[in-house]
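[1] Sequence and predicted model, in that order:
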Amino acid sequence: MLEQILPFLIASIFLTLSPGPDIIYVLSQSLVGGYRRGLIIAAGLVTGIIVHTSLVAFGVSLVIKNSETLFWGIKIAGALYLFYLAYKVYISSRGEGFSSSEETKISKSSSSYYKTGLVMNMLNPKVTIFFLAFFPGFLWDTNSNLVLQFYILGGLFMLQAFLIFSVVSVLAGKVSTVLFQKSSHFSFLKWFQILTFIAIAILILL
């Protein structure tokens, strides 16, 4: 078992660090709203991994993979959700969460950021298909409970992903405190956030 777990963790860390929608989203939102927002979004993102792991463990991912209509339907729904978030930031006066006061940032509903991370991850079918290709290669005993093994691998993936996202959030949060000292940066951060949402939406579609 250990011979499979260690390579799995190493591969997972490299995959999490590689540029992708999740880590880009955590980075951008931590820059805009501080490290607390990044941590909450990271929690939502990794919670979504439970859903993808379950789909792989119980074979539902094969249905998604074999149905191009369903696969694209989920991808388009995810992209539309991100475009909607970009629109919400655009119509806001200064950008979502923009404030020089840390107290104001914290007062923003934590559940909304958690939900955003969760929904964003769940509406990315590429994660499920990736898990379908990635996880089976690290199963240590094909004669024992495969569902349990999938959940163990999923739990380990969640743990390392949250730790990495947390480090990214804290480091980006330190930069955020500097940016928020000047009100002239608000417009830049607003459009940075809008363009990030649009870029992630396009990345999911492509």
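    Everything's here; your move.
[2] wait, doesn't L132 sit right on V63?
    No. Using C-beta atoms under 8 Å, L132 is not in contact with V63, being 10.9 Å away. C-beta: built from backbone N, CA, C; applies to glycine.
[3] So if I had to pick from these two, which one is more boxed in?
    L132 (18 against 11; other C-beta atoms under 10 Å).
[4] Could you measure from the more buried one over to V56?
    L132 sits 5 Å away from V56, going by C-beta to C-beta, to the nearest Å.
[5] counting contacts, what elements does the helix or strand V127 falls within pack onto?
    For V127, the enclosing helix or strand under DSSP states H and E is helix 125-134. Counting contacts by 3 or more C-beta pairs under 8 Å, 6 or more residues apart in numbering; DSSP states H and E, helix 125-134 packs against helix 35-57, helix 60-66, helix 68-91.
[6] Now it - C-alpha only, CSV.
    Presented in CSV, the C-alpha positions along helix 125-134 are these (Å, rounded to 0.1, in the frame of the first residue of the first chain):
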residue,chain,number,x,y,z
PRO,A,125,-16.2,17.4,-15.6
LYS,A,126,-12.5,17.3,-16.5
VAL,A,127,-11.7,16.7,-12.9
THR,A,128,-13.9,13.5,-12.9
ILE,A,129,-12.4,12.3,-16.2
PHE,A,130,-8.9,13.0,-14.9
PHE,A,131,-9.6,11.1,-11.7
LEU,A,132,-10.9,8.2,-13.8
ALA,A,133,-7.6,8.1,-15.6
PHE,A,134,-5.3,8.9,-12.7
